[in-house]
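Enquirer: sequence isn't available, so here's the structure alone:
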């Protein structure tokens, strides 16, 4: 975490590379941060973006003793998604839902290109979360009093209800929130699938059904969730590769931001990702990856992923790139070169 009052000292790997006078690719090949005595990152252990404390790095580079960071917790400490999730006892995937709460959205701070939240805001959110009794009564209202909950708040509300009662059904969610039955079922399926996937990552020997049982989900309610969990796990496995391709296309100048492709799960049974090519000289409006056939171009930036399970035919801006399902990032860029 970033200790209180030290946000201005945060440095990324790109900052450290610039400080050394080399490009980020060369810096990552040299890996000076792996040397003995180099300050540890202030980002969480599993974070994809490493952040460092500039005061510590400067002391190390000057051959001086590296000053320790404050050890006492402070309300102003900035915490990333994994640290926030650990603080309130939920999975990072659950935090991705909770963070859309208006109080957390307002408190969010970006440091080193990574979302963080102050410790005091996370604890305040935790204190305001309903427990089992509150979830059943919805703050004192009778359970049969339905609310027309805005669509963007449904996932967070259902997550709280699932925390309080793992056996909750779509019918109960519909009754309490006043949403359509399909909306309730979809929210439950997605939340349970993410949590089953989280549990399997922590306990790799488990099957999805075993993970669901350990989480307290009734077998009769989670067939779709266990199937989707397998898809979610495949998506997480391929995510680093997709990010590498995005980085290669950014270096080629075909994307203005080095952002990983947006991953979707059409039909809950396959992994598909879209990457918008918004550079001035981009050879296509967008690029789509499908775990069934690999990469293809798309004619639309707004709707690159087509509906239905049948792959679109070549022509009208659609071209399939050879090289298999996961060709090297450089090969993807080469295949797109006009």
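Expert: Arrived safely, thanks for sending. These numbers come from a predicted model, not from an experiment.

Enquirer: how does the chain divide into domains?
Expert: 7-61, 78-231, 238-336 (automatic domain parsing).

Enquirer: mind telling me which of those domains the model trusts least?
Expert: For the domains of the chain, mean pLDDT drops lowest on domain 78-231, to a mean of 83.

Enquirer: what distance separates the start and the end of that domain?
Expert: Start to finish, the residues bounding domain 78-231 are 32 Å apart (CA to CA, to the nearest Å).

Enquirer: just to revisit the earlier point, let's have the domains of the chain in TSV, adding distance to residue 72.
Expert: (C-beta placed from N, C-alpha, C; glycine too.) Formatted as TSV, those follow (distance: least, CB to CB, whole Å):
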stretch	distance to residue 72
domain 7-61	15
domain 78-231	11
domain 238-336	35
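
Enquirer: of those domains, give the one that comes closest to residue 68.
Expert: With CB to CB as the criterion, residue 68 lies closest to domain 7-61 of the domains of the chain, at 8.6 Å.

Enquirer: list the contacts for residue 230?
Expert: By CB atoms under 8 Å, 6 or more residues apart in numbering, residue 230 lies in contact with residue 208.

Enquirer: please apply the same query to residue 265.
Expert: Contacts of residue 265 were listed using CB under 8 Å, 6+ apart, and they are 228, 231, 232, 235, 271, 272.

Enquirer: distance of it relative to residue 27?
Expert: If you measure residue 265 against residue 27 using CB to CB, to the nearest Å, the figure is 35 Å.

Enquirer: go on, residue 236?
Expert: 27 Å.

Enquirer: over to residue 7?
Expert: Residue 7 sits at a distance of 23 Å from residue 27 (criterion: CB to CB).

Enquirer: quick one: which of those two has more around it?
Expert: More crowded of residue 7 and residue 27, by other CB atoms under 10 Å: residue 27, with 19 against 15.

Enquirer: quick one: the host helix or strand of that one to chain centroid distance?
Expert: Using DSSP states H and E, residue 27 maps to helix 24-30. Remark: helix 24-30 is offset 25 Å from the chain centroid, using CA atoms, centre = their mean, to the nearest Å.

Enquirer: can you count the residues close to the closest residue to residue 173 other than its chain neighbours?
Expert: Excluding the flanking residues, the one nearest residue 173 by CB to CB, 6 or more residues apart in numbering is residue 184, at 3.8 Å. Applying other CB under 10 Å, we find 24 residues neighbouring residue 184.

Enquirer: quick one: residue 184 from residue 246, how far?
Expert: Look at residue 184 and residue 246: by CB to CB, they are 34 Å apart.

Enquirer: grab the nearest non-local neighbour of residue 12.
Expert: residue 112 (4.9 Å).

Enquirer: tell me who's in contact with the one you found.
Expert: Neighbour list for residue 112: 10, 11, 12, 43, 49, 51 [criterion: CB under 8 Å, 6+ apart].

Enquirer: now do residue 330
Expert: By CB under 8 Å, 6+ apart, the residues touching residue 330 are residue 248.

Enquirer: where does it sit, in terms of helix or strand?
Expert: Assigned by DSSP H and E, residue 330 falls within helix 329-336.
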